[in-house]
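Visitor: Quick one: sequence plus predicted model below, questions after.
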Amino acid sequence: RIAYVNGQFVRHGEAVVHIEDRGYQLADAVYEVWALFGGKLADAEGHFARLERSLSELRIPMPMSRQALTIVLREAVRRNRVSEGLLYLQVGRGVAPRGHAFPDQPTAPSVVITVSAVDRTAAEAKAAKGVKVITTPEDRWGRCDIKTVGLLPNALAKQAAKEQGAAEAWFVDELGLVTEGASSNAWIIDGDGVVRTRDTNANILRGVTRHTLLDVLHDEGLKFEERPFTPDEAVAAKEAFITGAGSLVLPVIAVNNRPVGDGKVGPVAMKLRRLYIERAKATAV
Ligand code: PLP
C-alpha cells in the first residue's frame, strides 16, 4: 500500500507524521472519506464542499486548489491499484510547538491520504443480512457539523456496539431523539411509509450520502421528511437503515436487540441501497 504524506507518496508502513502535528496532539484536523467505485471517487463534489467548509470553520487554509487535490487523490488511488474501496484524506493545521492557541507563525497544513480496498461481495452479503445498532447517550461537543478527527466519543460508542454484537451506535440526545450514528446518519421508514431522517439544523454531520439519498428519494417520488425520531419509533417503524461513505445504505434490523418492524431486512432499504450505488457509480469521477 502507498500513502501520501505532505507532498510525497511513500510506502504505507513507512508513512509518518511529526510528533508535534496539531492533528495528533489536539485533534486540530479534519477529514473526508470517499467511497471508490471502479477506482473513481463517489459523491466527489459533496465531499470537497464539506472539506472546504470544515476547514474554513477552523480557519485552516485549503492545502491546495480543489483541482490539484483531485489530481493527488486520483494518483493515490492509481498507485494503490484499488478499484473498490475507500479513500481517507486528513488535513490538519500543521506542525508547531505544543500550545492550544493557533501558532503565531502560519504553518503549512498537514495532508495525509490513505487508500484501502473494500470487498464489495462481503459488503453486499452484510447488507442482505442487515445489522444491529445500539443506542448511547449523546456526549459529543456542539460542533458535530465539522468533520474533525476528534472522534473519541464515536470510537467509544462504536466499541460498545461491537461488544454487544452490533455494527453501529446511535447517539440519543437529552430529548430522547436519535441524532446520528458514530459514523453514519440514521433513518427509518415509519408506519405511513415515510422515509425519515433527522434535519441537519441539529448538531449532526451533514452526510454526503444522506444528501445524495434525499435526491434519490425525490427523484423516485418517495415520501420523505427531515424529522428526528426516538429509538422506540425506530422499533415500531417498518424499516430502518444507516447511510455513510463506508456503509453506503445499510439496513438495520434491531435497535438495542429489539427487532425493527418484523425484524427482517427491509425491501425499501435494499432498493435504496441499489439506487444509491447506481447513482454513485454513474456520477463518480
Ligand atoms: N455521521 C458521522 C458522525 C460520520 O462520521 C459520518 C461519516 O462517515 C456520517 C454521518 C456519514 O457521512 P457521509 O455520508 O458523508 O459519509
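Guide: Structure received. Residues are numbered from 1 along each chain as shown.
Visitor: Below-threshold pLDDT in this structure: ranges please.
Guide: The model of the chain has no residue with pLDDT under 70.
Visitor: and it, which residues reach the ligand?
Guide: By the rule C-beta under 6 Å from any ligand atom, the part of the chain lying against the ligand is 33, 180, 183-185, 205, 207-210, 243-246. Placement of C-beta: from N, CA and C, glycine included.
Visitor: mind redoing it with 5 Å?
Guide: Neighbours of the ligand within the chain, by C-beta under 5 Å from any ligand atom: 180, 183, 185, 205, 207, 208, 209, 244, 245.
Visitor: Tell me if I'm right that the fourth one and residue 144 touch.
Guide: Yes - in this structure residue 205 lies within contact range of residue 144 using C-beta atoms under 8 Å: 5.8 Å.
Visitor: Between the two, which contacts overlap?
Guide: Contact criterion C-beta atoms under 8 Å, 6 or more residues apart in numbering; residues shared by residue 205 and residue 144: residue 180.
Visitor: Return the entry from the residues of the chain next to the ligand with the maximum number of neighbours.
Guide: The most neighbours of any of these, using other C-beta atoms under 10 Å, belong to residue 180, which has 29 neighbours.
Visitor: tell me the phi and psi of the closest residue to residue 130 other than its chain neighbours?
Guide: Spatial nearest neighbour of residue 130, excluding adjacent residues (C-beta to C-beta, 6 or more residues apart in numbering): residue 253 at 3.6 Å. Dihedral angles of residue 253 (phi, psi; degrees, to the nearest 10) stand at phi -110, psi -10.
Visitor: what's the distance between residue 253 and the ligand?
Guide: Distance of residue 253 to the ligand, computed by C-beta to the nearest ligand atom, to the nearest Å: 20 Å.
Visitor: how about that residue, what does it touch?
Guide: Counting by C-beta under 8 Å, 6+ apart, residue 253 makes contact with 129, 130, 131, 132, 240, 259, 260, 263, 264, 265.
Visitor: And those residues, which of them are buried?
Guide: For the contacts of residue 253, burial is judged from neighbour counts taken by 16 or more other C-beta atoms under 10 Å, and it is met by 130, 131, 132, 240, 260, 265.
Visitor: Farthest-apart pair in those, please.
Guide: In the buried ones among the contacts of residue 253, two members sit farther apart than any others by C-beta to C-beta. They are 132 and 265, at 11.8 Å.
Visitor: Secondary structure element for whichever residue of the stretch 51-200 of the chain sits closest to the ligand, which one?
Guide: Ranking the residues of the stretch 51-200 of the chain by distance to the ligand (C-beta to the nearest ligand atom) places residue 183 first, at 4.1 Å. Mapping residue 183 onto the secondary structure by DSSP states H and E places it in no helix or strand at all.
Visitor: repeat for residue 275
Guide: helix 267-283.
Visitor: list the helices and strands that helix packs on?
Guide: Packed against helix 267-283, as judged by 3 or more C-beta pairs under 8 Å, 6 or more residues apart in numbering; DSSP states H and E, are the following elements: strand 29-37, helix 120-129, helix 208-220, strand 239-244, strand 248-255.
Visitor: Output the contacting helices and strands for the helix or strand following the longest one.
Guide: Read it as helix 208-220. Next along the chain after helix 208-220, taking DSSP H and E as the criterion, comes strand 224-226. On a contact count with 3+ C-beta pairs under 8 Å, 6+ apart, strand 224-226 meets strand 195-197, helix 208-220.
Visitor: For the ones you listed, state which one has the densest average packing.
Guide: Among those, strand 195-197 has the highest mean neighbour count (mean count of other C-beta atoms under 10 Å), at a mean of 24.
Visitor: Sheet-wise, list the partners of it with their directions.
Guide: Sheet pairing here is set by DSSP bridges, and for strand 195-197 it gives strand 185-189 (antiparallel), strand 224-226 (parallel).
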